[in-house]
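*Asks:* sequence and predicted model, in that order:
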Amino acid sequence: MKIVSLVAQVGLLASTAFSAAILQKVEERQVQPISTVTGPAGTSYIYAFASPIPDNIASQLVVSVPAVPTVATSVPPAVNVSNTPDGEDSAGSYTPGFRNIGYYGSWYIYARQFNPSDLIISQWTHVLVGFWDIKPNGEVFTKDNWSDFDITTLSPEPSKETGALNGVFEQMFRLKTENRNLKVMLSIGGWAATSEGAWGAALATAEQRATFAKSATRAVIDLGLDGIDLDWEYPRNPAETEMHVDSLRLLRQELDSAERILGVKRKLLLSIAAPAGPHFIAKINIPEVNKYVDFFNLMSYDMGGSFSKVATHAAPFFMATDGSTEFCLVDGLEMYLAAGVPASKINVLSPIYGHSFAGTDGPGKPFTGPGFSSWTDPNGVPDYNLIVTGGATEVFDDEKILASWSYNKQTREMISFDIPKIVRLKTEYLMSRGMGGIGFWAINGDKLDASENLVNTAIKVLGGRSAFEQYKNHLLYPDSKYPNIRVPDGIRVPPRKTLIGEVAK
């Protein structure tokens, strides 16, 4: 597929179950296209935003794109109550800016030895902690009580109150007191939990979905969180598509009720992990989902791997012409925009890991199996900070598709992963499209050298941390079952790691 514009071909929509509804809503977008381009696959829409488009991308355009003002993110509605803890202003103020989303797995405390105290909390506006699962009756639950609630060695001063919350979530709550712009959300689902079809059975009835929404919201109140991230990967059929939407509707309803109970003036947040592949997007009812979520976390990774037919770029933004891409970020992004999602509600997530291919001659060529992996993963998925380059291993990049990879001629191993240059170009492109934010999976895999740190690279492009949205987190949870969440203990989380060298301001 040749690139004819900055967008994927709307012709892709014809294969989806919601194409008619999506196309009817094109003219209802918050941001309107300034022109169209007709290519081999159909009509493409061209958008204009305030930030300039990088030269390497602009050269691919069929038409020029003049600048227009960026659409500002709307202010989340406030709940009319009088309780304003710790000097918060009564309006629940919100300053528009970029979001930066990071995923943290509670299992990181084991082999990876990456604790909440290893987070550089100034880098993030939202940290999504997961993954929880659901029981056959729809109730949410943690798969690891020890890491989430019980372990006391993550801090030199764990709470010792009777019935106190310890573990990862104690530390996350304490981090919120140190950075009031840091929102912590519970991520429920994940690929491993939702890929086998059990969720369809667990959320099949209205009663099960009500149990799901109530128990998830109860977890938010008990753990002192700021919202829920639904990571259902992926609804498989029309029935599950309806369950997906109704679960979000009920979650929004329960979270809104909890705001009034808590007596706070800012929203409890709701997001989804959103697929980038058109074949997965076809099973998401985007217009309906858009009614309930505060933002979409668009997963621009795992577009190639050991499951592919050839050595494939795993996180490209555009399609290649040599068979080394199966699909790309822009294909999916345009489907969300065409379905009525404002650009300001989309965060595009990038990988801090790679996909490796053994026995190959490079991108687009056959391979014999997975290559190097981290943490005994059998699928060839190494963390970014463990990928070794230099010597016989060369690093390459392709600015046309926004992808990079390493290749070792001696071992014939290719690893598809993002380098700082590609992260910089990707972030520039996303700014030019008016995206509301960026994000990364997964927090533990980055390098500590500031010049090699992928998150730091992206933050610099955004304009530094001063360009982040400003929206205070919640700290008052009088109805929590844990005494140290009902009344914060004020104990700091001593940082174990910091960036080496220049830090984005």
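*Replies:* In hand now; what should we look at? Every value quoted in this text rests on a predicted model; they were computed, and no experiment measured them.
*Asks:* hmm, residue 362 is touching residue 407, no?
*Replies:* Yes - here residue 362 reaches residue 407: they are 5.6 Å apart, a contact under C-beta atoms under 8 Å. C-beta: built from backbone N, CA, C; applies to glycine.
*Asks:* and the two? Which one has more around it.
*Replies:* Counted by other C-beta atoms under 10 Å, residue 362 and residue 407 do not tie: residue 407 has more neighbours, with 21 against 17.
*Asks:* beta-bridge partners for that one, please?
*Replies:* residue 394, residue 414 (DSSP bridges).
*Asks:* got the contact list for it?
*Replies:* The contact partners of residue 407, by C-beta atoms under 8 Å, 6 or more residues apart in numbering, come to 362, 393, 394, 396, 413, 414, 415.
*Asks:* do that again at 6 Å, thanks
*Replies:* Residue 407 makes contact with 362, 394, 414 under the criterion C-beta atoms under 6 Å, 6 or more residues apart in numbering.
*Asks:* from those, which is closest to residue 381?
*Replies:* Within the contacts of residue 407, distances to residue 381 taken as C-beta to C-beta reach their minimum at residue 414, with 13.7 Å.
*Asks:* can you classify residue 438 by secondary structure?
*Replies:* Per DSSP: H, G, I helix; E, B strand; the rest coil, the secondary structure class of residue 438 is strand.
*Asks:* what of residue 331?
*Replies:* Following three-state DSSP, the label given to residue 331 is helix.
*Asks:* where is the longest strand in the protein?
*Replies:* strand 126-134 (DSSP state E).
*Asks:* need the contact partners of it.
*Replies:* Residues outside strand 126-134 that contact it (C-beta under 6 Å, 6+ apart): 101-104, 140, 142-143, 183-185, 187-188, 190, 193, 202, 212, 229.
*Asks:* now list the buried members of those residues.
*Replies:* The neighbour count (16 or more other C-beta atoms under 10 Å) marks 101-104, 140, 142, 183-185, 187-188, 190, 193, 202, 212, 229 as buried among the contacts of strand 126-134.
*Asks:* which residues of the stretch 251-400 of the chain score low on pLDDT?
*Replies:* 264 (pLDDT under 70).
*Asks:* helices along that one, start to end?
*Replies:* Along the stretch 251-400 of the chain, counting by DSSP state H, counting those that start in this stretch, helices occupy 278-281, 286-292, 329-338.
*Asks:* ok, which stretches of the stretch 201-350 of the chain are strands?
*Replies:* For the stretch 201-350 of the chain, applying DSSP state E, counting those that start in this stretch gives strands covering 227-231, 269-274, 295-299, 346-351.
*Asks:* TSV for these, including distance to residue 134?
*Replies:* Shown next, in TSV, are the strands of the stretch 201-350 of the chain (distance: least, C-beta to C-beta, whole Å):
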stretch	distance to residue 134
strand 227-231	11
strand 269-274	15
strand 295-299	19
strand 346-351	23
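*Asks:* distance of the residue nearest the centre of the chain from residue 230?
*Replies:* Residue closest to the average C-alpha location in the chain (C-alpha atoms, centre = their mean): residue 297, at 4.0 Å. Distance of residue 297 to residue 230, computed by C-beta to C-beta, to the nearest Å: 10 Å.
*Asks:* mind checking pLDDT for the closest residue to residue 483 other than its chain neighbours?
*Replies:* The shortest distance from residue 483 to any residue other than its chain neighbours is 4.8 Å, reached at residue 161 (C-beta to C-beta, 6 or more residues apart in numbering). Residue 161 carries a pLDDT value of 95.
*Asks:* confirm that residue 161 sits in a helix.
*Replies:* No - the assignment for residue 161 is coil, going by three-state DSSP, so no helix is present there.
*Asks:* 55 is where my numbering starts, stick with that
*Replies:* New numbering, starting at 55: the last item is residue 215.
*Asks:* need phi/psi at it.
*Replies:* Residue 215 has phi and psi values of phi -60, psi 150 when expressed as degrees, to the nearest 10.
*Asks:* would you check how far apart it and residue 418 are?
*Replies:* Computed with C-beta to C-beta, the distance linking residue 215 and residue 418 is 59 Å.
*Asks:* looking at these two now, which is surrounded by more residues?
*Replies:* Neighbours were counted for residue 215 and for residue 418 using other C-beta under 10 Å; residue 418 has more, 16 against 13.
*Asks:* any idea how far stretch 432-445 is from the chain center?
*Replies:* Remark: stretch 432-445 is offset 22 Å from the chain centroid, using C-alpha atoms, centre = their mean, to the nearest Å.
*Asks:* give me the contacts around it.
*Replies:* 360, 406-410, 424-428, 449, 460, 469, 471, 499, 501.
*Asks:* tell me which of the residues you listed fall in strands.
*Replies:* Per DSSP E, the contacts of stretch 432-445 map to strands at 409, 410, 424, 449, 460, 469.
*Asks:* so the first one bridges to which residues?
*Replies:* If I follow you right, that is residue 409. Bridge pairing for residue 409 (DSSP bridges) gives the partners residue 470.
*Asks:* residues in contact with it?
*Replies:* If you count contacts by C-beta under 6 Å, 6+ apart, then residue 409 has 359, 368, 434, 470 around it.
*Asks:* between those residues, which is nearest residue 491?
*Replies:* Once C-beta to C-beta is applied, the member of the contacts of residue 409 that ends up nearest residue 491 is residue 368, at 21.3 Å.
*Asks:* is it true that the closest one touches residue 354?
*Replies:* No - using C-beta atoms under 6 Å, residue 368 makes no contact with residue 354, being 9.6 Å away.
*Asks:* report the two of the ones in strands among the contacts of stretch 432-445 separated the most.
*Replies:* 424 and 449 (19.9 Å).
*Asks:* among those two, which residue is more densely surrounded?
*Replies:* Per other C-beta under 10 Å, whichever of residue 424 and residue 449 has more neighbours is residue 424, with 20 against 15.
*Asks:* now that one: how far from residue 365?
*Replies:* Separation of residue 424 from residue 365 (C-beta to C-beta): 11 Å.
*Asks:* quick one: contacts for residue 227?
*Replies:* By C-beta under 6 Å, 6+ apart, the contact set of residue 227 is residue 278.
*Asks:* residue 213 versus that one, what's the distance?
*Replies:* For residue 227 relative to residue 213 (C-beta to C-beta), the value is 10 Å.
*Asks:* ok, now residue 402?
*Replies:* For residue 402, the distance to residue 213 (C-beta to C-beta) stands at 37 Å.
*Asks:* comparing those two, which shows the higher neighbour count?
*Replies:* Between residue 402 and residue 213, residue 402 has the larger neighbour count (other C-beta under 10 Å), namely 26 against 20.
*Asks:* for the residue nearest to the more buried one when sequence neighbours are not counted, give the beta-bridge partners.
*Replies:* Nearest residue to residue 402 in three dimensions, chain neighbours excluded: residue 352, at 4.9 Å (C-beta to C-beta, 6+ apart). Here residue 352 sits in beta bridges with residue 328, residue 402, going by DSSP bridges.
*Asks:* what do you get for residue 158?
*Replies:* Going by DSSP bridges, residue 158 forms beta bridges with residue 183.
*Asks:* mind putting the contacts of residue 409 in JSON lines, neighbour count and distance to residue 524 included?
*Replies:* Below are the contacts of residue 409 laid out as JSON lines (neighbours: other C-beta atoms under 10 Å; distance: C-beta to C-beta, whole Å):
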{"residue": "359", "neighbour count": "20", "distance to residue 524": "37"}
{"residue": "368", "neighbour count": "27", "distance to residue 524": "34"}
{"residue": "434", "neighbour count": "24", "distance to residue 524": "40"}
{"residue": "470", "neighbour count": "28", "distance to residue 524": "36"}
